[in-house]
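Engineer: sequence first, predicted coordinates after that:
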Amino acid sequence: MNGPVTRIAIVDLRIPFWRLVMFFVKAALAAIPATIILGAIFMVVTALIAALLGGNLEAFFRRWTL
């Protein structure tokens, strides 16, 4: 651990095209449940904030109706 510091520079990265395509497909499919979970967390946090502030949002909605 106390030896000389060796610096490394990566100059090339070879990834087969179809392996890269499959990685991006898997990442896109994994983003769907992650978005649902984050949306649920955001909804709970928003509900808690609304409850702490009184929960009366009727004045807000009345302003936006025709």
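Structural biologist: Perfect, I can see it now.

Engineer: per-residue pLDDT, residue 49?
Structural biologist: For residue 49, the model assigns a pLDDT of 79.

Engineer: and it, what are its phi and psi?
Structural biologist: phi -60, psi -40 (degrees, to the nearest 10).

Engineer: burial measure for it, as a count.
Structural biologist: Neighbour count for residue 49, taken as other CB atoms under 10 Å: 10. Heads up, the C-betas are built off the backbone N, CA and C, glycines and all.

Engineer: swap in residue 6?
Structural biologist: Other residues close to residue 6 by other CB under 10 Å number 5.

Engineer: for stretch 9-22, list the C-alpha coordinates in PDB.
Structural biologist: Only the C-alpha atoms of stretch 9-22 are listed here, as PDB (Å, rounded to 0.1, in the frame of the first residue of the first chain):
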ATOM      1  CA  ALA A   9      -4.800   5.700 -18.500                       C
ATOM      2  CA  ILE A  10      -7.400   3.800 -20.400                       C
ATOM      3  CA  VAL A  11      -7.100   4.500 -24.100                       C
ATOM      4  CA  ASP A  12      -9.500   1.900 -25.600                       C
ATOM      5  CA  LEU A  13     -12.500   0.000 -24.500                       C
ATOM      6  CA  ARG A  14     -13.700  -2.800 -26.700                       C
ATOM      7  CA  ILE A  15     -17.300  -3.900 -26.100                       C
ATOM      8  CA  PRO A  16     -19.200  -6.000 -28.700                       C
ATOM      9  CA  PHE A  17     -22.100  -4.100 -30.200                       C
ATOM     10  CA  TRP A  18     -24.800  -6.600 -29.300                       C
ATOM     11  CA  ARG A  19     -23.600  -6.900 -25.700                       C
ATOM     12  CA  LEU A  20     -23.900  -3.100 -25.500                       C
ATOM     13  CA  VAL A  21     -27.300  -3.100 -27.000                       C
ATOM     14  CA  MET A  22     -28.500  -5.700 -24.500                       C
END
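
Engineer: show me where pLDDT drops low in this structure?
Structural biologist: Where the chain drops to pLDDT under 70, the residues are 1, 55-66.
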